[in-house]
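Asker: below are the sequence and a predicted model for it; my questions follow.
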Amino acid sequence: MTYSKAIQFLYGLRLFGAKLGLENTLKLAGLAANPQKKLRFIHVAGTNGKGSTCAILESIYRAAGLRVGLFTSPHLVSFRERIQIGRELISEKEVVRLVDEFQLWLKQFSKDQHPTFFEMVTVMALEFFSDHACDLVIWETGLGGRLDATNIVTPLASIITNIALDHQQWLGDTLEKIAFEKAGIIKPGVPVVTATHEPSALAVIKKTAEEKKAPFTQAKDHLPAEFAGALSLSGEYQKRNAALALATVEILQKQIPVVKANMIAGLQKVEWPGRLQLIERDGRKFLLDGAHNMAGANALREAVEKNFPGGGRTLILGILDDKDWRQICERLAPLAENILTVPVPSNRTANPEALAEACRTANPSAKVSACQSLEEAFQKIPLSCLVIVTGSLYLVGEALEQLEYFPQAKSERDLNEWSGLKG
């Protein structure tokens, strides 16, 4: 098997859609000799900030000398981004080995109960981290928490970053319902840490923690003074994510001691592409951020108004149709004098014409154009300006390819797609 054939095989698993429930993942992990039982985890759920919080935790524990596995999704460009050790992507050779091995186990499932792409990748990651003797794995949920494939682990700590409206069609249409699903990662006696401040959501998380006798901590929304200025990531919301990560590190000091110098070093060296990421190309500054819901759009607007005051902004906006795209347009359109709407590289993309009309309503004074592609939009931006590319991580991944920050890997970006939710 070649790497391209392994990717093609994974692509074929998209036909099985997405599925909520742990039965398949537990069975597949059992066939792999339950690698999750040989590892230590920090499990991270929440609406926004999961990936950033994972990246910060990984950087801190790596600075402390640990061999740290990192499992996140979606990937921006390469499938290999999802599974990393020491911030080195899983090799093509290892992907081929694991896919080849797992094909035998998949034959033990009926077509109706066939594991999904995410279920298989979750167990692939577990086996990879176990094979390479990771000291700790930073483990991000995919969708929700309670019935997410990642929830077969018992972690050292459970983190819930925040609760906002997103994926309502699967997780529920209120903050309380979404909080219930996210709180499903809380395990009996395992500490839970959250940066959630919304009262109704917080009440659900606290109640679940009490029922599970899980020690509960609400992290502060700002960095302690001794860490102020250390964080390499931009944006006030990243400081909140860092404060949450530091609170978790403190709670786990008995199991995994980390000295202050390593915490600071970890904050200084953390990298997380596509989240308020600034790239300069040909005299232009590109600000890339995957804001894909209202909470993310609010955070992006706050960051732009604070850090990039004045005019001369161009907004390139592409959003998935199943998101609250009208509200996102309303929030972000006032940021720019020039707005270019584009399709997201997904069969779930919102129509650029519809996005353009929503942006005209939100900002009548702006010049608004609908484009057929991101490439076309890039050709239309002014020579000297701040270009904000946002609305979807899928779009940010495409932008990172076109800006030559990452090598081209379109077929691997397509792996982020799925054909619907089952079960």
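Answerer: Noted; the coordinates are in hand. These numbers were taken from a predicted model, which means no experiment stands behind them.
Asker: C-alpha only now, for contacts and for neighbours.
Answerer: Fine.
Asker: for the helix or strand harbouring residue 399, packing partners?
Answerer: For residue 399, the element it lies in under DSSP states H and E is helix 393-402. Counting contacts by 3 or more CA pairs under 8 Å, 6 or more residues apart in numbering; DSSP states H and E, helix 393-402 packs against strand 284-289, helix 374-380, strand 386-390, helix 410-413.
Asker: check contacts around the most centrally placed residue in the chain.
Answerer: Geometric centre of the chain, nearest residue: residue 51, 4.2 Å, by CA atoms, centre = their mean. Residues in contact with residue 51, defined by CA atoms under 8 Å, 6 or more residues apart in numbering, are 72-73, 140, 272.
Asker: any low-confidence regions in this protein?
Answerer: Within the chain, the segments meeting pLDDT under 70 span 15, 17-19, 166-170, 410-411, 418-423.
Asker: domain parsing of the chain, as residue ranges.
Answerer: Here the domain parsing of the chain from automatic domain parsing is 3-269, 277-418.
Asker: next, the residue of the chain most remote from its centre: phi, psi?
Answerer: For the chain, the residue at maximal distance from the C-alpha centroid (CA atoms, centre = their mean) is residue 365, at 33.9 Å. Main-chain dihedrals, residue 365, degrees, to the nearest 10: phi -80, psi -10.
Asker: same deal with residue 119?
Answerer: The phi/psi pair for residue 119 (degrees, to the nearest 10) is phi -60, psi -40.
Asker: gap between the residue nearest to the centre of the chain and residue 63?
Answerer: 18 Å (CA to CA, to the nearest Å).
Asker: and residue 4, how far from residue 92?
Answerer: From residue 4 over to residue 92 the distance is 9 Å, taken as CA to CA.
Asker: do the same with residue 102
Answerer: Distance from residue 102 to residue 92, by CA to CA: 15 Å.
Asker: residue 244 now?
Answerer: In terms of CA to CA, residue 244 sits 33 Å off from residue 92.
Asker: just the buried positions in stretch 349-364, please.
Answerer: Residues of stretch 349-364 classed as buried: 349-353, 355-360, 362-363 (neighbour count, 16 or more other CA atoms under 10 Å).
Asker: hang on, the earlier thing: ok, the residue farthest from the centre of the chain - contacts?
Answerer: Residues in contact with residue 365 (CA under 8 Å, 6+ apart) are residue 337.
Asker: the stretch 151-300 of the chain: strands as residue ranges?
Answerer: Using DSSP state E, counting those that start in this stretch, the strands of the stretch 151-300 of the chain run over residues 157-160, 192-194, 216-218, 277-281, 284-289.
Asker: what's around the closest residue to residue 191 other than its chain neighbours, how many residues?
Answerer: Among residues not flanking residue 191 along the chain, residue 215 sits closest, at 4.6 Å (CA to CA, 6 or more residues apart in numbering). For residue 215, the neighbour count with other CA atoms under 10 Å is 16.
Asker: can you check residue 27 too?
Answerer: Neighbours of residue 27 (other CA under 10 Å): 17.
Asker: verify the stated contact: residue 245 with residue 59.
Answerer: No: Residue 245 is not in contact with residue 59 according to CA atoms under 8 Å; the separation is 10.4 Å.
Asker: neighbour count: these two, which is higher?
Answerer: The neighbour comparison of residue 245 against residue 59 (other CA under 10 Å) goes to residue 245, with 28 against 25.
Asker: what distance do you get for the more buried one to residue 49?
Answerer: Taking CA to CA, one finds residue 245 at 11 Å from residue 49.
Asker: before we move on, the earlier item: can you tell me which of the helices and strands packed on helix 393-402 is most buried?
Answerer: strand 386-390 (a mean of 26; mean count of other CA atoms under 10 Å).
Asker: now the angle from it to helix 393-402?
Answerer: In terms of direction (axes from the mean of the first three to the mean of the last three CA atoms, to 10 degrees), strand 386-390 departs from helix 393-402 by 130 degrees.
Asker: residues of the helix or strand hosting residue 130 that come out buried?
Answerer: Counting by DSSP H and E, the element that carries residue 130 is helix 117-131. Neighbour counts using 16+ other CA under 10 Å place 117-130 of helix 117-131 among the buried residues.
Asker: show me the contact partners of that helix.
Answerer: Contacts of helix 117-131 (CA under 8 Å, 6+ apart): 10-11, 13-14, 16-18, 24-25, 28-29, 32, 35-36, 38-39, 69, 71, 83, 85, 98-99, 102, 137, 142, 149-150.
Asker: sort out for me which of those are in strands.
Answerer: 18, 69, 71, 83, 85, 137 (DSSP state E).
Asker: dump those to TSV, plus distance to residue 316 and neighbour count.
Answerer: What follows is those, written out as TSV (distance: CA to CA, whole Å; neighbours: other CA atoms under 10 Å):
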residue	distance to residue 316	neighbour count
18	29	22
69	34	29
71	29	26
83	30	26
85	33	20
137	35	28
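Asker: those residues: which two are farthest apart?
Answerer: The largest separation in the ones in strands among the contacts of helix 117-131, counting by CA to CA, is between 18 and 85 at 26.0 Å.
Asker: so residue 80 makes contact with residue 93?
Answerer: No: with contact defined as CA under 8 Å, residue 80 does not count as touching residue 93 (10.9 Å).
Asker: between those two, who's got more neighbours?
Answerer: A direct count of neighbours by other CA under 10 Å for residue 80 and residue 93 places residue 80 higher, at 17 against 12.
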